[in-house]
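# Below are the sequence and a predicted model for it; my questions follow.
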2 protein chains.
Amino acid sequence: MPEFDPQRPLADLRELAELTGGEGGARRLAWSDDWARAREWLLAKIEQTGATVERDAAGNLWATKPGESDEVLVVGSHIDAVPHGGWLDGALGIAAALECLRAHDGKVTLKLVDWADEEGARFGRSLLGSSAAAGTLDPDAVRTLTDAQGTTLPDALKAHGVDLDAMGEATLDGIDAYLELHIEQGPRLEEAGKPAAAVIGCYGVERHAIAFTGRASHAGSTPMDLRHDAFLAAAKFGLAARDSAIARGGVATIGTVKAEPGIPTIINERCEVTLDQRAFTPEQLRDMLADVKAAADRIAAEEGVEVEWTRIWQIDPVPFDEHLVELAAQAVAETTGDEAPRLPSGALHDCAEVARVLPAVMVFSSSTGGVSHSPVEDTPEEDLLVALRAFGRLYELASAGITSRP
Amino acid sequence: MPEFDPQRPLADLRELAELTGGEGGARRLAWSDDWARAREWLLAKIEQTGATVERDAAGNLWATKPGESDEVLVVGSHIDAVPHGGWLDGALGIAAALECLRAHDGKVTLKLVDWADEEGARFGRSLLGSSAAAGTLDPDAVRTLTDAQGTTLPDALKAHGVDLDAMGEATLDGIDAYLELHIEQGPRLEEAGKPAAAVIGCYGVERHAIAFTGRASHAGSTPMDLRHDAFLAAAKFGLAARDSAIARGGVATIGTVKAEPGIPTIINERCEVTLDQRAFTPEQLRDMLADVKAAADRIAAEEGVEVEWTRIWQIDPVPFDEHLVELAAQAVAETTGDEAPRLPSGALHDCAEVARVLPAVMVFSSSTGGVSHSPVEDTPEEDLLVALRAFGRLYELASAGITSRP
């Protein structure tokens, strides 16, 4: 049987980019005709490996090559992409998984999975297919989501043969381990001069909207000491959130900023911002949230403004399986001849959903400039080849690891 | 002949508010039918005083009561208002001027002027009629202005009998002094517990758009030390602008704030803000601008972002006539039995245009909560009466002052 050859997934990626990419970037939006076409391409590739194919109730695509033992190893990612996305986000993991099918040694049962709608780019709900399989999807929480054209999520799913209320029938039962290769989508590996890393888990997230309310007044006739400037309160708050993230070892981002009335000659009465805080441990995240709550209260008092919090989203950190992380680090080290970086993922991935239920791990390749979700997303070819080789080695190690379990 | 009676202008103001105000605030937008109706009301009031009326080429309304001497004293303000404006902004000065006509002692020639379009609320150009009369209006600079419905300024003027290219024929020639009563539109008098003040001049203004450009990247996967966050650069800049204004004794306001892409999970690549700086001396204004230019450069270096400046508007400070300021302070002191506050106006007024050409001064009444351009704009009745009495006294002093000049 053939060895895992990193040149083949590289060729597959270029073929897929030719078919579904171009100057404007990736055209593989989940639940679109483009996406269906990308899956047709994938199905043809799978067929050449001799694997059997099925689609679960959540729209996830599974390809199976049976093995001598009952143990089941799954490799996967997502072929969907954000509009104008890159050629590697999701697709790299699919191409690597396809190569695993080709290199299957027939011992454990090997499955490839293409998760449906990882990006959530059309309806705003990420990790849709994988969360259905992991049992964390609440259909009622997504039933009324609509896209920019007003199509509801249930209707879009239906057009692709998926019934929202049946999605929960998808399952991870019987799977022993899950492996995923992905680009980092951040600049840390490039900065460190490293092509690949073992991923130790996904950051937890605290996402809030924070509204400061002061008093609108005339930019000329209101002396500085009698102002209640909502924008300046938000400005101080953003800097305090950064200080806290640096002190606690997480990240924090002010994303949306709405200052009202927002005209040059009036002091802003209201400034609403979103704050996205992420960290690898629940303790870090808890401390970061406490820091910014205290900062907001202090700033509100200093500036004479009101502050109001609305939680948008929260997810606990998801550490990956310790044993699999060791294997991933070993695979990267063997491939590079150098100690493997181990880093948490700041972005969420399908692997975070899977890791709630069973042992799972990821390998990262570097990302040029840390840029993703963009047509210019890229990774140097030599780094891609290293990351693919390391993933192929992880597949071998995990495969052997499962069969050698007590 | 009758004495200046502050109760009459108060009654006039209430009558005007009844006619052109209501729950939604003032309806006296310049170049509208509402405004024309307000002027009809004013013309009827002027007629009762026996003054003769003419309209100049800029649409300014002049009422004249001739005197024994050739000296000409002008009292005035504007009857136009911002949409949903208050009952006092502009109208207070008109009512006071009307009462001066009634109390005219027949010595100097007295004119009331109702400046056309002080607010610039429809086309964005303030002080239109007074700048035409002062010779500072460049027709080409306003020719292409349009309102929200797409009507051009020249067309709107034409509908009210004003030819943009003839507006410069309006003149201040032959006028010896100009007096204006206005609400403060700021909170300083209320904070100080003072009903009225002598105004020493108008702040100069430096108004710029400042754009910070960093790098968009993922809120989760970009570590804090590898970010180029345009919003945080703008946040630091806003705080630095405030520090400078406090240190230099002026005011500074971040009004418009646009952060892009402005979504919760992406670090902002671009943040454009407007900065409005005002101060009473050219030196203060120059220092404040130098402060924020240096701060922007320092912040750009610290944050690894680019910074770009665009000047939106600039006007030099306008000090009022020293002798008239003394008379205004004397009038306020005599009325209140207390030393008169002397303060610069942070807002611009028609008086600033007039003061470029001839001796001019203003008196302020307090403003409740410093609120203006709002239906809730108000001033306590006792403060209005004091300010009106003081303005009546200033009118007497200035009248006598002109005739007693060497």
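That came through fine.
# Output the below-cut-off pLDDT ranges for the stretch 1-150 of chain A.
A:1 (pLDDT under 70).
# show me where it has helices.
Under the criterion DSSP state H, counting those that start in this stretch, the stretch 1-150 of chain A contains helices at A:7-20, A:33-49, A:91-102, A:128-134, A:139-142.
# Can you lay out these as JSON lines showing distance to chain B?
Heads up, the C-betas are built off the backbone N, CA and C, glycines and all. Output for the helices of the stretch 1-150 of chain A, formatted as JSON lines (distance: least, Cβ to the nearest Cβ, whole Å):
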{"stretch": "helix A:7-20", "distance to chain B": "21"}
{"stretch": "helix A:33-49", "distance to chain B": "22"}
{"stretch": "helix A:91-102", "distance to chain B": "15"}
{"stretch": "helix A:128-134", "distance to chain B": "17"}
{"stretch": "helix A:139-142", "distance to chain B": "18"}
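# Can you name the residue of the stretch 251-400 of chain A nearest to chain B?
A:Gly346 (3.2 Å; Cβ to the nearest Cβ).
# what residues are up against the spatially closest residue to that residue that is not a sequence neighbour?
Nearest residue to A:Gly346, sequence neighbours excluded (Cβ to Cβ, 6 or more residues apart in numbering or on different chains): B:Gly220, at 3.2 Å. B:Gly220 is in contact with A:Gly186, A:Tyr203, A:Val205, A:Val251, A:Asp276, A:Arg278, A:Ser345, A:Gly346, A:Ala347, A:Leu348, B:Thr265, counting by Cβ atoms under 8 Å, 6 or more residues apart in numbering or on different chains.
# Export the helices of the stretch 1-150 of chain A as a markdown table, with columns for mean neighbour count.
A markdown table is the format used below for these (neighbours: other Cβ atoms under 10 Å in any protein chain shown):
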| stretch | mean neighbour count |
| --- | --- |
| helix A:7-20 | 17 |
| helix A:33-49 | 17 |
| helix A:91-102 | 27 |
| helix A:128-134 | 28 |
| helix A:139-142 | 13 |
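# Including distance to B:Asp89, could those helices go into CSV?
Below are the helices of the stretch 1-150 of chain A laid out as CSV (distance: least, Cβ to Cβ, whole Å):
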stretch, distance to B:Asp89
helix A:7-20, 60
helix A:33-49, 57
helix A:91-102, 62
helix A:128-134, 55
helix A:139-142, 50
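# nearest to B:Asp229, of these?
For B:Asp229, the closest of the helices of the stretch 1-150 of chain A is helix A:91-102, at 27.8 Å, according to Cβ to Cβ.
# tell me what that closest one is packed against?
Identification of packing neighbours for helix A:91-102 by 3 or more Cβ pairs under 8 Å, 6 or more residues apart in numbering or on different chains; DSSP states H and E yields helix A:7-20, helix A:33-49, strand A:72-77, strand A:109-114, strand A:177-183, helix A:381-403.
# now that helix against helix A:33-49, angle please.
If you take axes from the mean of the first three to the mean of the last three Cα atoms, to 10 degrees, helix A:91-102 sits at 20 degrees to helix A:33-49.
# Provide a list of residues in contact with the residue of chain A positioned farthest from its centre.
Largest separation from the mean C-alpha position in chain A: A:Ser221, at 49.3 Å (Cα atoms, centre = their mean). By Cβ under 8 Å, 6+ apart, A:Ser221 lies in contact with B:Glu184, B:Gln185, B:Gly186, B:Arg188, B:Ser345, B:Gly346, B:Ala347, B:Gly370, B:Ser372.
# could I get the helices and strands packed on helix A:91-102 as JSON lines with distance to A:Ala63?
Converted to JSON lines, these look like this (distance: least, Cβ to Cβ, whole Å):
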{"stretch": "helix A:7-20", "distance to A:Ala63": "14"}
{"stretch": "helix A:33-49", "distance to A:Ala63": "4"}
{"stretch": "strand A:72-77", "distance to A:Ala63": "9"}
{"stretch": "strand A:109-114", "distance to A:Ala63": "4"}
{"stretch": "strand A:177-183", "distance to A:Ala63": "14"}
{"stretch": "helix A:381-403", "distance to A:Ala63": "15"}
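# Quick one: closest of the ones you listed to B:Gln7.
helix A:33-49 (76.6 Å).
# Using PDB, write out every CA atom in the closest one.
Extracted in PDB, the C-alpha atoms of helix A:33-49 (Å, rounded to 0.1, in the frame of the first residue of the first chain):
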ATOM      1  CA  ASP A  33     -24.400  25.400  -5.300                       C
ATOM      2  CA  ASP A  34     -20.600  26.200  -5.200                       C
ATOM      3  CA  TRP A  35     -20.300  24.200  -2.000                       C
ATOM      4  CA  ALA A  36     -22.200  21.300  -3.500                       C
ATOM      5  CA  ARG A  37     -19.800  21.400  -6.500                       C
ATOM      6  CA  ALA A  38     -16.800  21.300  -4.200                       C
ATOM      7  CA  ARG A  39     -18.300  18.300  -2.500                       C
ATOM      8  CA  GLU A  40     -18.800  16.600  -5.900                       C
ATOM      9  CA  TRP A  41     -15.100  17.100  -6.500                       C
ATOM     10  CA  LEU A  42     -14.400  15.600  -3.100                       C
ATOM     11  CA  LEU A  43     -16.700  12.600  -3.700                       C
ATOM     12  CA  ALA A  44     -14.900  11.800  -6.900                       C
ATOM     13  CA  LYS A  45     -11.500  11.900  -5.100                       C
ATOM     14  CA  ILE A  46     -12.900   9.700  -2.300                       C
ATOM     15  CA  GLU A  47     -14.200   7.200  -4.900                       C
ATOM     16  CA  GLN A  48     -10.700   6.800  -6.200                       C
ATOM     17  CA  THR A  49      -9.600   5.600  -2.800                       C
END
